[in-house]
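1. Using only what follows, build the 3D model:
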Amino acid sequence: MKKLAITGLLALLVTLLLSVLVPEPAQAQCTLCKTQLVAGGKDKDSYDTTGLNKGIVYLMTIPYILIGSVGFFWYRHTHQQKKKKAADDRL
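-> Prediction:
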């Protein structure tokens, strides 16, 4: 069982290292947004669309931050309860 856990951690570490060390350029646009951006950029009177990618990335990060915060506080709460229960069991 311990060998399986070590193998899993090693696989996770290799995956994380590869994802960090071999970055791929990413465009935070769906196909429809990109098509509209290209079509709208040809007009002289079109809107300024320079911040579209940053706006999409900003909107994508909000749910991850919220879910991560809930998960962190949940983990911290249960961890404190386990410590408190272990301390009570010693007495």
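2. burial measure for Leu17, as a count.
-> Leu17 has 10 neighbouring residues, counting by other C-beta atoms under 10 Å. Placement of C-beta: from N, CA and C, glycine included.
3. Now do the helices in the chain.
-> Secondary structure of the chain, counting by DSSP state H: helices at 2-21, 31-41, 52-90.
4. Let's have those helices in CSV, adding mean pLDDT.
-> Below are the helices of the chain laid out as CSV (pLDDT from 0 to 100):
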stretch, mean pLDDT
helix 2-21, 87
helix 31-41, 73
helix 52-90, 90
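5. Got the phi and psi for Val22?
-> phi -120, psi 80 (degrees, to the nearest 10).
6. what about the residue most central in space within the chain, distance to Val70?
-> In the chain, the C-alpha nearest the mean C-alpha coordinate belongs to Tyr64, at 5.7 Å (C-alpha atoms, centre = their mean). Per C-beta to C-beta, to the nearest Å, Tyr64 is found 11 Å from Val70.
7. got it, and Glu24?
-> In terms of C-beta to C-beta, Glu24 sits 29 Å off from Val70.
8. of these two, who's got more company?
-> For Glu24 versus Val70, neighbours defined as other C-beta under 10 Å are more numerous around Val70 (10 against 5).
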